[in-house]
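Enquirer: When you get a sec, could you give me coordinates for this:
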Amino acid sequence: MIGQTISHYRILGRLGQGGMGVVYKALDLDLGRHVALKFLPDMLKPGENQAKRMEREARAISALNHPNICTIHELAEYENRPYLVQELLEGATLEALIRQKKLPSETVLDIAIQLAEGLKAAHSKGLVHRDIKPSNLFLTNDGRAKILDFGLVRELDNSGPASADGPTMDHGPGELTEPGRIVGTLSYMSPEQLRGEPATPRSDIFSLGIVYFELLCGVHPFKKKSDFETASAILCEPSHSPLAETPMPRGLDALLTKMLAKKPDDRYADAGVLLDDLNRISQGLVHSRFAPFGEEGPDGANRSIAVLPFTNISPDKDNEYFGDGLAEELINALAKLEPLRVAARTSAFHFRGKDADVREVGQRLNVRSVLTGSVRASGKRLRVTTQLVNTADGFHLWAERYDRDMVDIFALQDEITEAIMGQLKVRLGLRNEPIAGRPPTHNMAAYNQYLKGRYFWNRRSAADVERAIECFSQAAESDPQFAAAFSGLADCYVILGVYGNHKPEDLFPLATEVARRALAINPGLAEAYTSLGSIRAIYDWDWTGAETDFEKAISLNPQYSTAYHWHASHCLIPLGRFSQARAQIAIAREKDPLSLPILSTAGLIAYFERNPDEAIAEYQRCVEMDPHFGLGFYFLGQAYEQKGAYADAIAALDRSLTLTRDRAEVIAALGHVHAMAGNQVEASRLLRQLQERTRTEYVSPVLLAQILLALGEREQAITHLQQAQQIRATDLVWLKVRPAFDSIQQDPRVVEVRNAIGLGDQAEVPA
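Expert: Residues are numbered from 1 along each chain as shown. The predicted model follows:
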């Protein structure tokens with residue numbers, strides 16, 4: 001039939017075939033839309049009963065008109081063969097999804113609720129589907145669950161259950177099958193259907209229970225080697241249950257047990273009653289597993305939570321930023337709740353895209369609970385599912401689903417946070433304070449650009465930071481009173497300045513301007529004070545002012561790990577105040593234990609203290625956590641050089657050079673170690689490579705000075721350091737503590753440079 005035109009439908013291809021019909025994809029020539037045409041399969045001759053079945057299916061579905069049931073557009077006939085015109089669905093059957101993998105419990109709960117809603121509509125009309133199975137259930141690309149194929153539907157009498165097939169729709173009590181005949185799919189039938197007894201809504205509940213079980217556990221609860229053995233298991237045996245090993249929302253295991261009860265009277269009466277219990281589970285009303293939160297632990301870990309990045313299950317994969325942004329804003333809001341301890345974003349997002357067990361997450365982040373979720377955006381509609389999981393045993397404490405318009409995103413964030421706070425408040429005695437931390441804008445376009453900016457900024461490569469600048473700039477342009485957008489710009493300019501990608505004079509005045517603009521709008525923004533503190537230190541050389549800004553940031557948001565980190569790395573370490581820097585890094589590590597930049601700074605302190613073994617150990621932890629962390633190998637190579645292990649140093653720096661795509665500071669470190677190892681020719685080649693770069697791009701004179709000094713060119717090296725002072729090169733702040741410059745620390749010209757940038761002698765700097 002492919003290629004033919006039937007009525008005003010051109011058949012384009014075959015979609016599939018089952019026992020009750022063959023389905024084609026077609027183009028509606030009148031309306032210009034794609035549809036599905038369902039014919040009786042070729043092996044079924046279009047007799048009176050078959051035609052009545054198709055008519056009954058059309059009437060049943062048309063009477064329901066429910067979003068979780070496949071829509072019927074038309075019932076027509078072609079060459080004495082009836083056919084249905086249905087909506088064309090894009091996605092996959094649950095049968096295909098089950099074959100692929102076991103689905104996350106939050107996704108299953110979402111699907112379960114939708115299917116129960118569709119089946120409730122049928123049951124409320126007195127209709128029994130009688131063929132609920134994964135191949136008759138569909139999940140569209142935008143996340144809508146649909147019930148298909150009502151070819152075996154039967155209607156109940158008002159007086160109660162009818163005979164095996166019951167009366168037809170609007171056709172009186174006539175039979176379409178012989179009484180006692182078994183109809184349906186054997187492995188998904190209820191016990192009473194296998195016995196040839198009339199099917200009721202409780203029969204659909206049993207079949208749906210098997211589907212739920214498969215979605216959660218990846219296996220059929222009764223499946224055996226043969227149909228006879230499977231039927232016997234459905235009739236007589238309990239379900240073989242891996243439920244105990246399957247983390248799921250609390251109460252869902254009991255719900256499944258009730259759905260799969262052998263006696264119909266022990267099951268849910270219909271899908272409406274089932275849906276009530278599913279919604280209770282989703283809303284967290286079944287939460288006896290919440291008790292561990294109230295148990296006081298010696299380390300206070302019971303008052304702790306990690307918010308993992310929300311999984312993007314939207315058709316548009318570019319919406320990943322939105323899930324990240326929602327999780328980040330929840331982290332910011334929950335961090336305001338005392339005494340709740342919230343894992344920092346960097347550590348929580350370490351688990352993005354990883355199928356990590358929540359118990360592992362709890363151990364690595366030292367938290368008692370984990371909030372996970374998913375985001376599905378389709379057009380202007382948004383669906384967010386969330387679940388709070390106890391890391392001690394993997395059981396769900398609370399779950400909820402939110403369907404909103406995109407314009408309601410701010411209210412949605414508040415609603416989710418309030419719901420979590422309500423759960424935590426009961427057990428921990430938290431004050432239910434107003435939500436704080438959400439970016440103060442009501443401009444949706446600005447907020448979307450802000451979320452994209454944070455997404456790219458957190459990826460931290462130079463190219464991603466440049467993209468973040470574009471996003472933050474657009475956010476600020478859309479809403480000139482959006483403080484967080486200006487603070488984001490300041491963060492970007494600071495990072496690029498530290499990376500040495502641009503001339504300092506092109507970045508830091510801009511960074512100062514936007515940071516002050518952010519504070520003028522919102523004087524309580526800790527992130528802006530953190531950026532301002534970094535600018536004062538590494539560009540203005542105003543160390544006292546920098547400390548004031550960092551202390552202000554920490555007082556405004558004690559949970560903000562970057563404030564402690566940048567205080568140590570941009571201010572305390574350059575001044576040689578290593579003990580204080582260690583204390584700040586210890587706090588940052590506690591709040592953000594998996595942050596590679598923070599771990600790197602811990603190693604940097606050891607390196608500047610001339611303790612290469614400790615530094616090497618810290619950097620090895622970094623590269624073990626992420627073998628693609630180029631800066632980890634950069635620091636590791638310098639620590640090996642400090643120990644005199646030149647071969648190891650060169651190997652680590654070569655690896656860093658590959659991972660960072662020939663970053664200038666890595667070339668300088670590699671040139672220095674080659675010179676120290678006696679490889680003068682290679683060191684000179686690397687020096688020329690950097691000198692050549694200065695013709696087309698910014699390269700800090702400090703980097704050239706490192707190689708020159710190792711090659712014995714003392715005068716040229718000092719001249720380059722003086723040039724660095726004139727242009728306020730950011731890496732000049734390491735002059736006092738960097739081992740590469742130990743040999744010239746007492747030269748009067750170097751002392752003058754140090755004093756000019758505020759790096760006077762202090763006791764903590766090693767001799």
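Enquirer: Show me the domain layout of the protein.
Expert: Structural domains of the chain, as assigned by automatic domain parsing, span the residue ranges 5-87, 91-282, 290-428, 439-593, 662-767.
Enquirer: what's the least confident stretch among these?
Expert: Lowest mean pLDDT within the domains of the chain: domain 290-428, a mean of 74.
Enquirer: Quickly compare the domains of the chain and say which is most buried.
Expert: domain 439-593 (a mean of 21; mean count of other C-beta atoms under 10 Å). C-beta here means a position set from N, CA and C on the backbone, and glycine is covered the same way.
Enquirer: Make a markdown table out of the domains of the chain and add distance to L631.
Expert: Compiled in a markdown table, those are given as follows (distance: least, C-beta to C-beta, whole Å):
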| stretch | distance to L631 |
| --- | --- |
| domain 5-87 | 50 |
| domain 91-282 | 34 |
| domain 290-428 | 14 |
| domain 439-593 | 9 |
| domain 662-767 | 9 |
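Enquirer: got the contact list for stretch 545-557?
Expert: With contact meaning C-beta atoms under 8 Å, 6 or more residues apart in numbering, stretch 545-557 is reached by 335, 524-527, 529-530, 532-534, 536-537, 540, 560, 563-564, 566-567, 570-571.
Enquirer: Hmm, I typed the wrong one, I wanted stretch 481-488.
Expert: With contact meaning C-beta under 8 Å, 6+ apart, stretch 481-488 is reached by 439-441, 443, 446, 449-450, 453-454, 457, 468, 472, 475-476, 479, 514-515, 517-519, 521-522, 525, 527-528, 531.
Enquirer: same check, this time on stretch 447-464
Expert: 320-322, 324-326, 328, 345-346, 349, 409-410, 439, 441, 465, 467-472, 474-475, 478, 482, 484-485, 488, 491-492, 495-496, 499, 501, 597.
Enquirer: which parts of the helix or strand hosting Q620 are buried?
Expert: According to DSSP states H and E, Q620 maps onto helix 612-625. Burial within helix 612-625, assessed by neighbour count using 16 or more other C-beta atoms under 10 Å, is assigned to 612, 615-616, 618-619, 622-623.
Enquirer: Show me what that helix is in contact with.
Expert: With contacts defined as C-beta under 8 Å, 6+ apart, helix 612-625 is touched by 350, 594, 596, 599-600, 602-604, 606-607, 629, 632-633, 635-636, 639-640, 642-643.
Enquirer: Now, those that are in helices?
Expert: With DSSP state H as the criterion, helices contain 596, 599-600, 602-604, 606-607, 632-633, 635-636, 639-640, 642-643 from among the contacts of helix 612-625.
Enquirer: How much space separates V128 from L208?
Expert: Using C-beta to C-beta, to the nearest Å, one gets 12 Å for the distance from V128 to L208.
Enquirer: what does R749 give?
Expert: 82 Å.
Enquirer: Can you tell me, leaving aside adjacent residues, what's nearest to R195?
Expert: Spatial nearest neighbour of R195, chain neighbours left out: L235 (7.5 Å); criterion: C-beta to C-beta, 6 or more residues apart in numbering.
Enquirer: Would it be right to say that the one you found lies in a helix?
Expert: Yes. Inclusion of L235 in a helix is indicated when DSSP: H, G, I helix; E, B strand; the rest coil is applied.
Enquirer: Could you single out the nearest of the ones in helices among the contacts of helix 612-625 to H8?
Expert: The closest of these to H8 turns out to be L596 (C-beta to C-beta; 61.1 Å).
Enquirer: Quick check, that closest one in contact with F635.
Expert: No. The pair L596 and F635 does not pass the contact test of C-beta atoms under 8 Å, sitting 10.6 Å apart.
Enquirer: out of the two, which sits in the busier spot?
Expert: Using other C-beta atoms under 10 Å as the criterion, L596 and F635 rank with F635 on top: 26 against 20.
Enquirer: who's in contact with that one?
Expert: F635 sits next to 600, 603-604, 607, 615, 619, 622 when contact means C-beta under 8 Å, 6+ apart.
Enquirer: now swap in D648 and tell me
Expert: D648 sits next to 637, 640 when contact means C-beta under 8 Å, 6+ apart.
Enquirer: which residue packs closest to F138, ignoring adjacent ones?
Expert: Leaving aside its chain neighbours, F138 sits nearest to K146 (4.3 Å; criterion: C-beta to C-beta, 6+ apart).
Enquirer: Would you report the backbone torsion angles of the one you found?
Expert: For K146, the backbone dihedrals (degrees, to the nearest 10) come out as phi -130, psi 140.
Enquirer: Surely it and N136 touch.
Expert: No. With contacts counted by C-beta under 8 Å, K146 stays clear of N136, the gap being 9.5 Å.
Enquirer: How about L94: what's its closest non-neighbour residue?
Expert: Using C-beta to C-beta, 6+ apart, the closest residue to L94 is P134 (4.0 Å).
Enquirer: Helix or strand for R582, just tell me which one.
Expert: Take DSSP H and E as the rule and R582 turns out to sit in helix 578-591.
Enquirer: Which strands or helices does that helix pack on?
Expert: Counting contacts by 3 or more C-beta pairs under 8 Å, 6 or more residues apart in numbering; DSSP states H and E, helix 578-591 packs against helix 561-567, helix 596-608.
Enquirer: try it again with 10 Å
Expert: Judged by 3 or more C-beta pairs under 10 Å, 6 or more residues apart in numbering; DSSP states H and E, the packing partners of helix 578-591 are strand 341-342, helix 345-348, helix 543-556, helix 561-567, helix 596-608.
Enquirer: Would you list the buried entries among the contacts of helix 612-625?
Expert: In terms of neighbour count (16+ other C-beta under 10 Å), the buried residues within the contacts of helix 612-625 are 350, 594, 596, 599-600, 602-604, 606-607, 629, 632-633, 635-636, 639-640, 642.
Enquirer: how about A520, secondary structure?
Expert: Under three-state DSSP, the three-state class of A520 is helix.
Enquirer: ugh, wrong one, I meant A26
Expert: Following three-state DSSP, we place A26 in the strand state.
Enquirer: Using CSV, write out the CA atom coordinates for stretch 147-160.
Expert: The C-alpha trace of stretch 147-160 is given here as CSV (Å, rounded to 0.1, in the frame of the first residue of the first chain):
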residue,chain,number,x,y,z
ILE,A,147,-2.1,4.3,25.8
LEU,A,148,-2.6,2.7,22.3
ASP,A,149,-4.7,0.0,20.7
PHE,A,150,-8.2,-0.2,22.2
GLY,A,151,-9.0,-3.1,19.8
LEU,A,152,-10.0,-5.4,22.7
VAL,A,153,-11.8,-2.8,24.8
ARG,A,154,-15.1,-3.8,26.5
GLU,A,155,-17.8,-1.9,28.2
LEU,A,156,-19.2,-2.8,31.6
ASP,A,157,-22.9,-2.9,32.2
ASN,A,158,-24.2,-0.4,34.6
SER,A,159,-25.3,-3.4,36.7
GLY,A,160,-21.8,-4.7,37.0
